[in-house]
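> give me a model of this one.
(chains A and B)
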Amino acid sequence: MDIKFLVVDDSVTMRRIVINSLRSLGYSDFVEACDGKDALDKLGTDDGINFVITDWNMPVLSGLELVKSIRGDEKHSKLAILMVTTRGVKEDIIEALQAKVNNYVVKPFTPQILKEKIEQILTAV
Amino acid sequence: MKKVSNMSELFERLNDLKVVFFYGQKFIPIIQSIIDFMSETVPLLEDINSSISDSTVKIPKAKDQINNVTNATELATTEILDTVDSISAEIGKVENDLKTIQAKEEERNIIWNKIKENLSKDSNSIDLINKYENLDSVTFIIPKLLEVFDKTKNDVNNIALSLQVQDITSQQLASVNHLIESVRQRLSSLVMHLDETEIKDIESLQSIIPDTSAFNPEAIYTKSKEKQETADILVNNRLNKASQDEIDKLFS
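A predicted model of the protein is given here:
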């Protein structure tokens, strides 16, 4: 299965680090977005995207709102979503899971953690 | 008789007045000290007011400086990432070249073994072959070099991963900025209460109040796996369809 990632983060640095990590894991197809709204725009114009990696804290539209929008949209509701965020308290994680993220990574992360979570999602899907 | 009565009433009133003057004299120093206190306090209040006004006006500058720090670290991080990418690319090239040399060496060995086989009956050639084989070859270094490059590549990747600290510290700085803005707003309202003059530019400053949803005030750079483990437990329990009560029990 060819995977096209949509990497959503307001930090340019984090987008680069996530993409570099994905590259080191052998993936090569990426689209970037700087916030939730930008991500929804990209999803609206690019049908090839099948995996979303999103930050939580972003201006304009947060990662959590993005997840809710995706899950509420029939066309994209089945997309794989991995939340990568600094928010690591139990209540936040539960909130993200209730919004139906597929998996959750707490920053700072390692490529190994990223690999493990992506594989878990792909196996479940 | 009425006159006498009026006079005694007058004396009573005069007596009352005397009492008033008597106590008035006692109160005069107190009133004086109140006046003194007020005359000392009013300039002090004006000073406080102007200090608050000054501080309130200076706060946007502090916020600008914090934003400058965030922008500078982001720029520096981007430059480091550029350099890290460039080093990784160069290491990758050298690694590929070494692997090509290694593969060619293996081909050369196969041909060499065939030559040895063909010349095995000629004792002079055997001597030469033995001498040649005893000479040091550079090829034995290649696996060691590849090992070094692999380790260097890992180190370079780790540098890049450590740069996640930039995102985390920028969230912490955004949180500080938000606190500063809250203090500025409180000070501004205080100034408006003390003195009805409005802090200039207050309206325009509203637009630069950071959006609290854009940062996590609790963001922290740590190597501890505790938070990831919490997330893993919750995700795994969700996957196993555990109830919220069961999840809560895990953390109680």
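
> now do the strands in chain A.
Here chain A has its strands, by DSSP state E, at A:5-8, A:30-33, A:51-54, A:80-85, A:103-106.

> in a markdown table: those, plus mean pLDDT, distance to B:Y23 and mean neighbour count.
C-betas here are computed from N, CA, C, even on glycine. Listed next are the strands of chain A as a markdown table, based on pLDDT from 0 to 100; distance: least, Cβ to Cβ, whole Å; neighbours: other Cβ atoms under 10 Å in any protein chain shown:
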| stretch | mean pLDDT | distance to B:Y23 | mean neighbour count |
| --- | --- | --- | --- |
| strand A:5-8 | 98 | 79 | 25 |
| strand A:30-33 | 97 | 81 | 19 |
| strand A:51-54 | 98 | 78 | 26 |
| strand A:80-85 | 97 | 73 | 24 |
| strand A:103-106 | 96 | 75 | 26 |
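
> between the ones you listed, which gets nearest to B:L145?
Proximity to B:L145 (Cβ to Cβ) singles out strand A:30-33 among those, at 31.8 Å.

> and chain B, which of the strands of chain A is closest to it?
Chain B lies closest, by Cβ to the nearest Cβ, to one member of the strands of chain A: strand A:103-106, at 4.3 Å.

> which residues touch the closest one?
With Cβ atoms under 8 Å, 6 or more residues apart in numbering or on different chains as the test, strand A:103-106 has contacts from A:82-88, A:93, A:96-97, A:113-114, A:117, A:120-121, B:227-228, B:231, B:234-235.

> are any of these buried, and which?
Neighbour-count burial (16 or more other Cβ atoms under 10 Å in any protein chain shown) is assigned, among the contacts of strand A:103-106, to A:82-88, A:93, A:96-97, A:113-114, A:117, A:120-121, B:227-228, B:231, B:234-235.

> point to the residue nearest the middle of chain A.
The residue lying closest to the centre of chain A (Cα atoms, centre = their mean) is A:I53, at 1.5 Å.

> who are the neighbours in contact with it?
Per Cβ under 8 Å, 6+ apart, neighbours of A:I53: A:5-8, A:18, A:81-82, A:84.

> cool, and A:I81?
A:51-54, A:67, A:70, A:100-102.

> need the residues you listed in JSON lines (columns: distance to B:E105).
JSON lines is the format used below for the contacts of A:I81 (distance: Cβ to Cβ, whole Å):
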{"residue": "A:F51", "distance to B:E105": "41"}
{"residue": "A:V52", "distance to B:E105": "46"}
{"residue": "A:I53", "distance to B:E105": "42"}
{"residue": "A:T54", "distance to B:E105": "48"}
{"residue": "A:V67", "distance to B:E105": "53"}
{"residue": "A:I70", "distance to B:E105": "53"}
{"residue": "A:K100", "distance to B:E105": "54"}
{"residue": "A:V101", "distance to B:E105": "50"}
{"residue": "A:N102", "distance to B:E105": "47"}
